[in-house]
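Undergrad: Quick one, structure for this:
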Amino acid sequence: MRVAVIGGGPGGLYFAALAKQLSPRWDITVWERNAADDTFGFGVVFSDETLDGIAQADPAVFEAMSADFARWSDIDVRYKERLLTSGGHGFAALGRKRLLQILQQRCAALDVDVRYRTQAPPVEELAVAYDLVVACDGVRSATRAMYADTFRPELDERHCRYMWLGTDKVFEAFTFIVDEHDFGTLQVHAYPFDPTRSTFIVEIDEDAWRRAGFDKYAARDRPAGASDEESIRLCQELLAPHLDGHCLIPNSSKWIRFTTVRNRTWRHGNVVLLGDAAHTAHFSIGSGTKLAMEDALALAACLHEHPGVPTALAAYEAERKPVVESTQRAAQASLEWFENVDRYTDQDPHQFAFNLLTRSRRVTYDNLRVRDVGFTTAVDSWHAQTHTGVAPASDSDVPPMFRPLQLGGLRLRNRVVAPPIALYAAREGLPGDFELVHLSTQALGGSGLVFAGMTAVSADGRATPGCPGLYTDEQAAAWRRITDFVHGQSSACLGIQLTHAGRRAATTTPRPNGSRVPLGDGGWPLLACSPLAWDPASTVPREATRTDLERITHDFVTAAERAHCAGFDALELQYGHGHLMSGFLSPLTNRRTDSYGGTLANRLRFPLEVLRAVRAVWPSGKALVVRISAADWAEGGTSEADAVAISRALADAGADAVDISTGEVVSNERPRYGRSYQTPYADLVRNATGIPTIAVGAISTYDDVNSIILAGRADLCAVGRAQLHDPLWTLHAAAAQNYTGPGAPWPTSWRAGSKRPPGARSDRIPPRLQLLRAPSGPVHQRWLPHPDVTAPAPATVH
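TA: Residues are numbered from 1 along each chain as shown. Just a heads-up that it's a prediction; the model follows:
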């Protein structure tokens, strides 16, 4: 095998060393355009997981790295003149230059041909002359550009500016600094990497960057490799309280924007991408070097395990791509959190620190309790004191999800919502026994608020023939039977969602694949904001006239009055998911030219008219909620600014909370599904407006609910499919957390099942098999090199 490696950074060198170890007869050549002792950047951080892989794959490299590691377990958050510390995390870092020395020495010992100060030949020539070409040529990869039609890259340049710097201040932990100034928020990501220096990354929002005057410095012409000295001096001045007299150290340091790199595929013939050429992940969650070295290990292993280059490259991509995409999802959440840090600068330091630590969703409430119970208990105590008025000592053991909430005039026993579920079990709009069983089970199962779903305000507003209604007195009486039973058995609050399905009306109940089709001759006329069919197979609706709008407003008001008489405690108006009101709000579905179309203010006009009319008849002692689609997942749809403005207008018109969903507005949507994927929109609205929000969408664990509530991303969490899977989900969550308080009361008849039943072999008690138990490590470990220590002389690696 003849192997060409383009780029002598850590990823390229580590791959070359591993491949040569596995196949000593291979001819491996690495081209590096810089000198061997050139390096850009400062320190590199590794996770324990990555280090375990390096230790197994190349003990010599691991031993040399370990000798020079800076190690610590704490994360410090400096915010509003407070320092909050969370321990138990575990970090290892070393200088990038030292890492390159270790890998260069390893390659030399293995007889890898590394050509420094040498530009690689054109990739198309290498692909002919070599059996394999590994492109490790970085975020601006020329190889990726050459075969862009195959790789199909997506380059997402973000909004914030940031600058890589070093400092001679040796931080003792991974340190996040959030510093508020008159121009905006300046944030720092800092960590030590040897006894004398730390990496110091300064990040700032684009608008604040300009207000601070950094733009005029960045615009000046400089020679290649020169640093923006004026900006660095200003950063040192602004951040002086955190530097304690130390200075910032440049290394070709300039303001740049982070670019997230994704590729549809990583291989073209015998050419394969590795590291930043294939993917990037924001520096706030980890190191690009770490990912590149993991790539190198996987590629070398796949080449060893599979016959032939094409099969090996396919295996490499199949193995690594899901891992990288998972990391990128977490990194995207972290990146967006820091881009929008101003959204959280009104939070108490305890909540802010918890929010920061859980921003990527990889670290959670339970995870933090395992790492550092003292930190989580302090945040819990603050939340309990602030949100329940109970002294911390008596309520800090109550999980956040089981703390009560005042929603309008309604007091909820906990923060779990059973969201509106379309059951398609009604006949002629009448709810029956299935609705009774479903709602009572959800209420008895522990949820604080249980909603009946997709209830039409008129016969022609039904989505399907199986949808219930609240447009006749007979339907109101049927609902009353259900609410009386539930209220007689449970302290849960009952709500009902009212809607007019608009252009999504008159369809069949869902088929096995979830799709619905028009009823055809068996249906009813469709009415919508604009005459736009849902999809090419659907009927074109009639545009609603002013007379139609007056009738629909009356239908909503009458249905709300019936909901009150039927005994419901809360009302939700469906203004999302492509139903009639959603059609007015979205610019993709509102094409009207009258006063109800065009600007956002006009698009809001009719939904607000209906909300105000309903608010006028809905009792103040009951809760009124509105559900919206905060994003359409389609180009030109509802923006984040629109979602905030819509929510604020709804609150001003009388809504007690906004239930934040997304999508189902247009049939050509492209949602980005994932765990709690809609929660960022609830977070956006809540922290931009102060309006209570309900988070919904792929929330399935009590750990996620606790994390969302404690971080202040939402006030309530709607748990849908998980409660269909387990109708006692909330009670089981309480049992799993050893909670037995009023936030999760077990029905008297079920109390015998309130303890978790024993599992297989749970009666086995294992023997002691250690003569001396290893002591548990300290929760808080700081990097505390001796003050007189200088950077050690590097050891040679063979």
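
Undergrad: Mind giving me the packing neighbours of the longest helix along the chain?
TA: The longest helix of the chain (DSSP state H) is helix 309-339. For helix 309-339, the packing partners by 3 or more C-beta pairs under 8 Å, 6 or more residues apart in numbering; DSSP states H and E come out as strand 153-167, strand 256-263, strand 267-268, strand 271-273, helix 288-305. Glycine gets a C-beta too; all of them are placed from N, C-alpha and C.

Undergrad: Partner strands of the fourth one, with direction?
TA: Pointing back at strand 271-273 there. strand 132-135 (parallel), strand 267-268 (antiparallel) (DSSP bridges).

Undergrad: who touches the longest one?
TA: Identification of contacts with strand 132-135 by C-beta atoms under 8 Å, 6 or more residues apart in numbering yields 1-7, 12, 15, 123, 126-127, 141, 143-144, 270-274, 277, 299, 303, 309.

Undergrad: and with 6 Å instead?
TA: Strand 132-135 has contacts (C-beta atoms under 6 Å, 6 or more residues apart in numbering) with 3-6, 15, 126-127, 143, 270-274, 277, 309.

Undergrad: Just put the strands paired with strand 271-273 in JSON lines and tack on mean pLDDT and distance to residue 482.
TA: As requested, the strands paired with strand 271-273 are exported to JSON lines (pLDDT from 0 to 100; distance: least, C-beta to C-beta, whole Å):
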{"stretch": "strand 132-135", "mean pLDDT": "98", "distance to residue 482": "63"}
{"stretch": "strand 267-268", "mean pLDDT": "98", "distance to residue 482": "58"}
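
Undergrad: looking at those strands, which is buried most?
TA: Burial of the strands paired with strand 271-273 is given as mean neighbour count (mean count of other C-beta atoms under 10 Å); strand 132-135 ranks first at a mean of 28.

Undergrad: Quick check: what element follows it along the chain?
TA: Using DSSP states H and E, the helix or strand that directly follows strand 132-135 along the chain is helix 142-146.

Undergrad: Only alpha carbons, please: show that following helix as PDB.
TA: This file holds the C-alpha atoms of helix 142-146, laid out as PDB (Å, rounded to 0.1, in the frame of the first residue of the first chain):
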ATOM      1  CA  ALA A 142      -8.600  22.300  -0.900                       C
ATOM      2  CA  THR A 143      -9.300  18.600  -1.300                       C
ATOM      3  CA  ARG A 144     -12.900  19.100  -0.200                       C
ATOM      4  CA  ALA A 145     -13.200  22.000  -2.600                       C
ATOM      5  CA  MET A 146     -11.800  20.000  -5.500                       C
END
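
Undergrad: Let the chain start at 615 from now.
TA: From this message on, residue numbering opens at 615, which makes the last subject helix 756-760.

Undergrad: Pull the distance from that helix to the chain's centre.
TA: Distance of helix 756-760 from its chain centroid, counting by C-alpha atoms, centre = their mean, to the nearest Å, is 31 Å.

Undergrad: all strands for the stretch 1265-1412 of the chain, in order.
TA: For the stretch 1265-1412 of the chain, the strands defined by DSSP state E, counting those that start in this stretch cover 1271-1275, 1307-1310, 1330-1332.

Undergrad: Parallel or antiparallel, list what pairs with the last one.
TA: In the sheet containing strand 1330-1332, the strands it pairs with under DSSP bridges are strand 1030-1035 (parallel), strand 1307-1310 (parallel).

Undergrad: where's the closest residue to residue 1345 other than its chain neighbours relative to residue 1135, distance?
TA: Once flanking residues are discounted, residue 1345 sits nearest to residue 1060: 4.2 Å by C-beta to C-beta, 6 or more residues apart in numbering. To residue 1135, residue 1060 is 45 Å away according to C-beta to C-beta, to the nearest Å.

Undergrad: re earlier: so for residue 1185, which of the strands paired with strand 1330-1332 sits nearest?
TA: Closest to residue 1185 of the strands paired with strand 1330-1332 is strand 1030-1035 (C-beta to C-beta; 11.2 Å).
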